[in-house]
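**Student:** Mind looking at a prediction? Sequence and model below.
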Amino acid sequence: MAIAELANSQHGVVTRRQLGALGVDRHAIDRRISRGLLAPLHRGVYAFGHRHLSAEGRWLAAVLAAGPGAALSHRDAAALHGIRKAPESRKVSVTTPTDAASTPALWVYPRRELEADEVETVRGVPVTSPARTLVDVAPLLTAAQLAATLGEADRKGLLDVAAVERALRRTAGRHGHSHRRLRAALDAHRTAGAALLLSELEERFLDLVLAAGLPRPLLNAPLRGYRVDALWPAARVVVELDGWAHHGDRQAAARDRDKTNRLQLKGFAVLRFMHGDLVAQPAAVVAAVRAALRRAQDM
């Protein structure tokens, strides 16, 4: 009963040390493991009763395995805060002040002391703060992904620019290039507003635009009763992006034709690109957008 109560308070996971504090000795733990009542997840960390854990259970198990003072970090922290999708890899990232080593199931960032304001608890899981998380994930993201992550943090009320600056100062010298990228992304966010990207296709497109040195568009912008994927308002240029799932949907294609025709009649240049265009012909995509923007300047 005591083990069940502890596991229920921790998303279904317990540690060997916690079991010892409850009076469960080594032999009793081994018996429960052999009977399937405790399922090993990491060294000294177990699922109670079954391995079907929630995301929070997997994350908490990883933090507990990394030792005292550890916190969920990097991509997994961004997912817990809701500012990035959960990573496809099941390998969990944690930051710890100890000398813990990475394992096949854990990415461990060891010997890193986190300040009190850089750690919080979200849904029962110790995790790096949104500000520290943004600094940590910046080296792992493309420019568009970073812009989207800032936008999502802002939308959720989690973007504290002063806290981000403190985290940047505390980690100065660790990721010089990515620190500059994050500061540039913050400047662009202040100037152009949130980049509200809804898909990986939009992230890929924005990366092409930024890498080519073109002006940053508004993303998922309202326009004349529609919502368009990318908009340069002053140039009256619109880009619409079609993913693979879109190709076989006749009703969606008909709506898009009507949308394109109506916007063109209102004086907007509308460019449409498919997933394959961005992957196989990125230079052609950039050239078409550049020509449309230049044409608007010449008019």
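**Tutor:** Yes, it's here. Numbering: from 1, shown residues only.

**Student:** how's this structure carved up into domains?
**Tutor:** Domain assignment for the chain by automatic domain parsing gives 1-53, 54-195, 200-298.

**Student:** Run through the neighbouring helices and strands of the least confident helix or strand in the chain by mean pLDDT.
**Tutor:** In the chain, the helix or strand scored least confidently by mean pLDDT, DSSP states H and E is helix 176-192, which has a mean of 84. The criterion is 3 or more CB pairs under 8 Å, 6 or more residues apart in numbering; DSSP states H and E, and the helices and strands that helix 176-192 contacts are helix 130-137, helix 143-155, helix 161-170. C-beta coordinates here come from the backbone N, C-alpha and C atoms, glycine included.

**Student:** got the buried residues for that helix?
**Tutor:** Applying a neighbour-count criterion of 16 or more other CB atoms under 10 Å, the buried positions in helix 176-192 are 178-179, 181-182, 185-186, 188-189.

**Student:** next one: stretch 213-231
**Tutor:** For stretch 213-231, burial by neighbour count (16+ other CB under 10 Å) applies to 216-221, 223, 228-231.

**Student:** Centre of the chain to it, how far?
**Tutor:** Here stretch 213-231 is found 22 Å from its chain centre; the criterion is CA atoms, centre = their mean, to the nearest Å.

**Student:** Tell me what angle the least confident helix or strand of the chain forms with helix 161-170.
**Tutor:** Per axes from the mean of the first three to the mean of the last three CA atoms, to 10 degrees, the angle that helix 176-192 makes with helix 161-170 is 170 degrees.

**Student:** How about residues contacting helix 176-192?
**Tutor:** Outside of helix 176-192, the residues within contact range by CB atoms under 8 Å, 6 or more residues apart in numbering are 134-135, 138-139, 143, 146-147, 150-151, 154, 159, 161, 164, 168, 171-172, 195, 216, 218.

**Student:** 10 Å - rerun?
**Tutor:** Outside helix 176-192, the residues within contact range by CB atoms under 10 Å, 6 or more residues apart in numbering are 134-151, 153-154, 159, 161, 164-165, 167-169, 171-173, 175, 195, 210, 215-219.

**Student:** Quick check: which ranges of the stretch 151-299 of the chain have low pLDDT?
**Tutor:** Low-confidence regions of the stretch 151-299 of the chain, defined by pLDDT under 70, span residues 175-176, 192-198, 244-249.

**Student:** Try it again at 80.
**Tutor:** 173-176, 191-199, 243-253, 298-299 (pLDDT under 80).

**Student:** got the residue ranges for the helices in it?
**Tutor:** For the stretch 151-299 of the chain, the helices defined by DSSP state H, counting those that start in this stretch cover 161-170, 176-192, 200-211, 250-265, 275-280, 282-298.

**Student:** What residues does the residue nearest the centre of the chain make contact with?
**Tutor:** The residue lying closest to the centre of the chain (CA atoms, centre = their mean) is Arg84, at 2.2 Å. By CB under 10 Å, 6+ apart, the contact set of Arg84 is 74-78, 133, 137, 140-141, 145, 148-149, 152-153.
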